[in-house]
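Visitor: I'll drop the sequence and a predicted model, then ask my questions.
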Amino acid sequence: MGVETLKEKLLEQAQEISRLRSELGGTDAEKHRDLLAAENERLRQEMKACEGELRELQRQQQQQQQQAPCQDCPHLQENARLQEQLSQLQREAEETRAKLVELDLEVQQKTNRLAEVELRLKDSLAERAEEEERLSRRLRDSQETIASLKSQPQQIKYIIKTVEVESAKAKQALCETQSRNQYLLEQVGMQKQVLKEMEQQLQSSQKTEAQLRAQIMMYEAELERAHGQMLEEMQAMEEEKNHAIEEAFSRAQVEMKAVHENLAGVRTNLLTLQPALRTLTHDYNSLKRQVRDFPLLLQETLRSARAEISQAIEEVHSTNRELLRKYRRELQLRKKCHNELVRLKGNIRVFGRVRPITKEDGEGPEAANAVTFDADDDAVLHLLHKGKQVSFELDKVFPPQASQEEVFQEVQALVTSCIDGYNVCIFAYGQTGAGKTYTMEGTAANPGINQRALQLLFSEVRGKAADWDYTITVSAAEIYNEALRDLLGKEPQEKLEIKLCPDGSGQLYVPGLTEFRVQSVEDINKVFEFGHIKRVTECTNLNEHSSRSHALLIVTVRGLDRSTGLRTTAAGFGCVSSGKLNLVDLAGSERVGRSGAEGSRLREAQHINKSLSALGDVIYALRSRQGHVPFRNSKLTYLLQDSLSGDSKTLMMVQVSPAEKNTSETLCSLKFAERVRSVELGPVSRKAELGSWTSQEHLEGDSPGSTAPPGRSHTSPSPGQLSSRSASIRRKLHTSGKLRPIPL
Ligand SMILES: Nc1ncnc2c1ncn2[C@@H]1O[C@H](COP(=O)(O)OP(=O)(O)OP(=O)(O)O)[C@@H](O)[C@H]1O
């Protein structure tokens, strides 16, 4: 029975194993995989076909674009849109393809795993089969044994017992086999579970595949639709093109007709235009001839124009030359006229200037005004002297109220003539305190002749700078006790000599006399400043010194005409051709000799008298055109020889005091002035006039008995004061404007 049961059980197990094998279905999974692979392959083929179609479509589209290139047409835009969609679909298909590859990989992995499980199952099944085989063999053996035992009852019983014993063993083996079977069943259960999961995965893969396929289908449909649309559009475009060609053709036909008509008109026009063309051709030919001849004509014209221009230039040149000649002649004429004018007016002009009554004149009858003027004649003044009115006629008389400007206006012609190369001397003559320094220097607020003359020179020179190149130099000297000294030199105490120019020209010069070149008012100021320093170091009593010495400021103007190269031609002092302006502040003319002065004071007075008398003598000799002019009688006249002789011009500004107490000196000064002026009247009368003109008379005046008025601070310096005269002469230069900075 046990054996039967075992058999049954074995049979059951065998059935179970075959069922399990069928359930495992390893071949199904393989089939499924093969199916998927085939499907995949098919999809790939389809994809390839789709790509081929796409390429074909693109090619067709390109052809269409080449055939009908139209910019911005809606078809093109639609086409671009479709292409965009197509590329989008291609991208999606690409992605799907990638997903399929991933799925393939997954399926492959799962298939591998299934194969492994299958192998393991095959092994366990083989083991089972072997076990079964072994059990079947034993069962058979046992049955055979049982049968043989049955035939041998004694033995059978024993054998049965053995079998029973062995049956227990078999049972144990069976139990083991059953437990093993149980384990295998569990394994099978687990494998089933794995299989189920794999089936589920497979199902999901299938689902995904179905989805992908649906998507591919959709894309294909979309592609189909796009393809259809594109075909439709192409069709429409083709139709449009045909239509446009037809229209163009019909239009061309119409235009052709019109052109034909026009051509007929043009032909008729051409026939009428032919004569005009002939005329034009004729004109053209003549123009051509003209053009051909033009260079020759031009050359000819240029030649004649050049000749005309050169002739004109030559004419201009000759006109210029003529003008220059005339200009030079006019210059000479002007100079001559000027000279004539000066000659008519007199080379020596004598002005009188009456200063106002000042505080220094004191009060009372002594300070009373003794000078009156003629309302109708500005050349006449009357002096009330000792109860008698004496009248004097000069070239011009300036009353006390005359301004510095008015005085300078009468003088400026002389100043400017020095630019033309004339030598000019302006003397301030008069007793001490009569206003010589005021007239020559003036005050800072109201400058006198010196400063105005320099300013005028600079402005005149600037005005002529375009045509003339001028050089202005300045020297300053003083003559004290007949000794000449340089006020701008390094050695002011050194006595200078006046010498004949070694070039044989007969001109004089002073070796060692400093000459400063000045180009502006500022330069003059510097020169004056320099002189001022000298004065300060040399003088102890400037006022006295200035009264007793002659101070000279010598301004030399050298000019070169830029256009002609002409120089200004007056003979100058110091071997140069130039104009010279000598501004001389003379020593006081008061009659100190009468007061019984002694020693150096007397010597000083004698020198002054001598030089002033010599000046008078020289002027007389010049005016009366005497053969000999006694220039050498004093340093002053000798020094100014060049500036007094020839066509030089001299102005004597006679300064007088109007105060009653000064009438004697005023009388002397005015007589001197009148005598100087009267020289021009003629040799006889001059002679008669000049008969009384001696040094002594100059000193004594016409009142031999009169003496210098008492209380005049600047007429009678003490001998002690006289010792400082040499230094104080320089004050005159300084204070007379020749050494004082010009106020700007
Ligand atoms: N025209 C004038 N108007 C006003 N004041 C004058 C005039 N002339 C001279 N004075 C004054 O008279 C005074 C004497 O003049 P200034 O010093 O010029 O005389 P001077 O002849 O130069 O004397 P010196 O021989 O001592 O140099 C000065 O105070 C001066 O200001």
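Guide: The structure has been received and is ready for your questions.

Visitor: Could you pull out the strands in the stretch 401-550 of the chain for me?
Guide: For the stretch 401-550 of the chain, the strands defined by DSSP state E, counting those that start in this stretch occupy 423-430, 468-480, 483-486, 495-496, 499-500, 508-509, 516-518, 550-561.

Visitor: could you measure the closest residue to the ligand within the stretch 551-700 of the chain against Ser547, distance?
Guide: When scored by CB to the nearest ligand atom, the stretch 551-700 of the chain has Gly588 as its residue closest to the ligand, at 4.4 Å. Every residue, glycine included, has its C-beta placed from N, CA and C. In this structure, Gly588 and Ser547 are 4 Å apart, going by CB to CB, to the nearest Å.

Visitor: So those two - more neighbours on which side?
Guide: Ser547 (28 against 25; other CB atoms under 10 Å).

Visitor: what helices or strands is the helix or strand encompassing Arg289 leaning on?
Guide: Assigned by DSSP states H and E, Arg289 belongs to helix 153-345. When contacts are defined as 3 or more CB pairs under 8 Å, 6 or more residues apart in numbering; DSSP states H and E, helix 153-345 packs onto helix 2-24, helix 26-67, helix 74-151.

Visitor: out of the ones you listed, which comes closest to the ligand?
Guide: helix 74-151 (110.7 Å).

Visitor: can I assume Leu651 sits in a strand?
Guide: Yes: the assignment for Leu651 (DSSP: H, G, I helix; E, B strand; the rest coil) places it in a strand.

Visitor: residues contacting it?
Guide: 348-351, 411, 414, 424-427 (CB atoms under 8 Å, 6 or more residues apart in numbering).

Visitor: Can I have the buried ones of these as a ChimeraX selection?
Guide: Command for ChimeraX, covering only those of the contacts of Leu651 found buried under the criterion 16 or more other CB atoms under 10 Å:
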select :348,349,350,351,411,414,424,425,426,427
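
Visitor: Switch the contacts of Leu651 over to TSV; also include pLDDT and distance to the ligand.
Guide: Formatted as TSV, those follow (pLDDT from 0 to 100; distance: CB to the nearest ligand atom, whole Å):
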residue	pLDDT	distance to the ligand
Ile348	80	21
Arg349	86	19
Val350	90	17
Phe351	94	13
Val411	92	14
Leu414	88	20
Val424	92	21
Cys425	93	18
Ile426	95	14
Phe427	94	12
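
Visitor: Let me have the contacts of Leu651 in TSV, adding distance to Leu552 as columns.
Guide: Listed next are these as TSV, based on distance: CB to CB, whole Å:
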residue	distance to Leu552
Ile348	18
Arg349	19
Val350	19
Phe351	19
Val411	17
Leu414	16
Val424	13
Cys425	9
Ile426	11
Phe427	10
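
Visitor: Looking at the contacts of Leu651, which one is closest to Arg625?
Guide: Ile348 (12.5 Å; CB to CB).

Visitor: Beta-bridge partners for the closest one, please?
Guide: Thr650 (DSSP bridges).

Visitor: Get me the contact residues on the protein for the ligand.
Guide: 355-356, 358, 430, 432-438, 546-547, 588, 655, 714 (CB under 6 Å from any ligand atom).

Visitor: contacting residues around the residue most central in space within the chain?
Guide: Among the residues of the chain, the one closest to the centroid is Ala466, at 30.7 Å (CA atoms, centre = their mean). With contact taken as CB under 8 Å, 6+ apart, Ala466 is in contact with Arg562.

Visitor: Distance of it relative to Lys326?
Guide: In terms of CB to CB, Ala466 sits 19 Å off from Lys326.

Visitor: Pretty sure Arg562 sits against Ala465.
Guide: No: assessed by CB atoms under 8 Å, Arg562 is found out of contact with Ala465, at 9.2 Å.

Visitor: List the buried residues in stretch 629-645.
Guide: Applying 16+ other CB under 10 Å to stretch 629-645 flags 629, 631, 633-645 as buried.

Visitor: Run a quick neighbour tally on the residue of the stretch 101-250 of the chain found nearest the ligand.
Guide: As assessed by CB to the nearest ligand atom, the ligand sits closest to Ala248 within the stretch 101-250 of the chain, at 115.5 Å. For Ala248, the count of nearby residues is 11 (other CB under 10 Å).

Visitor: One more: the one 10 residues further on?
Guide: If you count neighbours by other CB under 10 Å, Ala258 ends up with 10.

Visitor: what does the model give it for pLDDT?
Guide: Reading off the confidence values, Ala258 has pLDDT 90.

Visitor: where does the stretch 151-300 of the chain dip in pLDDT?
Guide: Low-confidence segments of the stretch 151-300 of the chain, defined by pLDDT under 70, span residues 152-167.

Visitor: ok, now which ones touch whichever residue of the stretch 251-400 of the chain sits closest to the ligand?
Guide: Taking CB to the nearest ligand atom as the measure, the stretch 251-400 of the chain has Arg355 as its residue closest to the ligand, at 3.2 Å. Listed by CB under 8 Å, 6+ apart, the contact set of Arg355 reads 400, 434-435, 438, 655-658.

Visitor: please redo it, this time with the cut-off set to 6 Å
Guide: Residues near Arg355 by CB atoms under 6 Å, 6 or more residues apart in numbering: Gly435.

Visitor: How much space separates it from Ser547?
Guide: With CB to CB as the criterion, Arg355 and Ser547 are 15 Å apart.

Visitor: Can you report how many residues lie near the residue nearest to Ser403 when sequence neighbours are not counted?
Guide: Using CB to CB, 6 or more residues apart in numbering and skipping residues adjacent in sequence, the residue nearest Ser403 is Asn446, 7.7 Å away. By other CB under 10 Å, 13 other residues sit near Asn446.

Visitor: Looks like Asn446 contacts Gln404 (just checking).
Guide: Yes: under the criterion of CB atoms under 6 Å, Asn446 makes contact with Gln404 at 5.2 Å.

Visitor: Domain-wise, how is the chain divided?
Guide: Split into domains by the TED database, the chain comes to 251-345, 348-592+601-678.

Visitor: To Glu239, which of the ones you listed lies closest?
Guide: domain 251-345 (18.4 Å).

Visitor: Now do the closest one: distance to the chain's middle.
Guide: 43 Å (CA atoms, centre = their mean, to the nearest Å).

Visitor: and Phe351, helix, strand or coil?
Guide: Applying three-state DSSP: Phe351 is strand.

Visitor: I figured it hits Val656, correct?
Guide: No: with contact defined as CB under 6 Å, Phe351 does not reach Val656; the gap is 11.1 Å.

Visitor: can you count the residues close to Arg623?
Guide: 22.

Visitor: One more: Gln626?
Guide: If we define neighbours as other CB under 10 Å, then Gln626 has 12 of them.

Visitor: one step back: got phi/psi on the residue nearest to the centre of the chain?
Guide: phi -70, psi -30 (degrees, to the nearest 10).

Visitor: do Gly421 as well
Guide: Dihedral angles (degrees, to the nearest 10) for Gly421: phi 100, psi 10.

Visitor: 16 is where my numbering starts, stick with that
Guide: Happy to do that; since the first residue is 16 now, the last one works out to Gly436.

Visitor: Looks like it contacts Gly594 (just checking).
Guide: Yes: here Gly436 reaches Gly594: they are 4.6 Å apart, a contact under CB under 6 Å.

Visitor: measure the residue nearest to the centre of the chain to Asn196 for me?
Guide: 145 Å.

Visitor: cool, and Glu420?
Guide: Separation of Glu420 from Asn196 (CB to CB): 159 Å.

Visitor: Looking at those two, which has the bigger crowd around it?
Guide: Asn196 (18 against 10).

Visitor: What distance do you get for the more buried one to Gln202?
Guide: From Asn196 to Gln202 the distance is 10 Å (CB to CB).

Visitor: residues shared between the contacts of those two?
Guide: Shared contacts of Asn196 and Gln202 (CB under 6 Å, 6+ apart): none.

Visitor: where does the stretch 416-565 of the chain have low pLDDT?
Guide: 543-544, 546-561.

Visitor: can you map out the helices along the stretch 466-615 of the chain?
Guide: For the stretch 466-615 of the chain, the helices defined by DSSP state H, counting those that start in this stretch cover 536-553, 557-563, 614-638.

Visitor: All set now, cheers.
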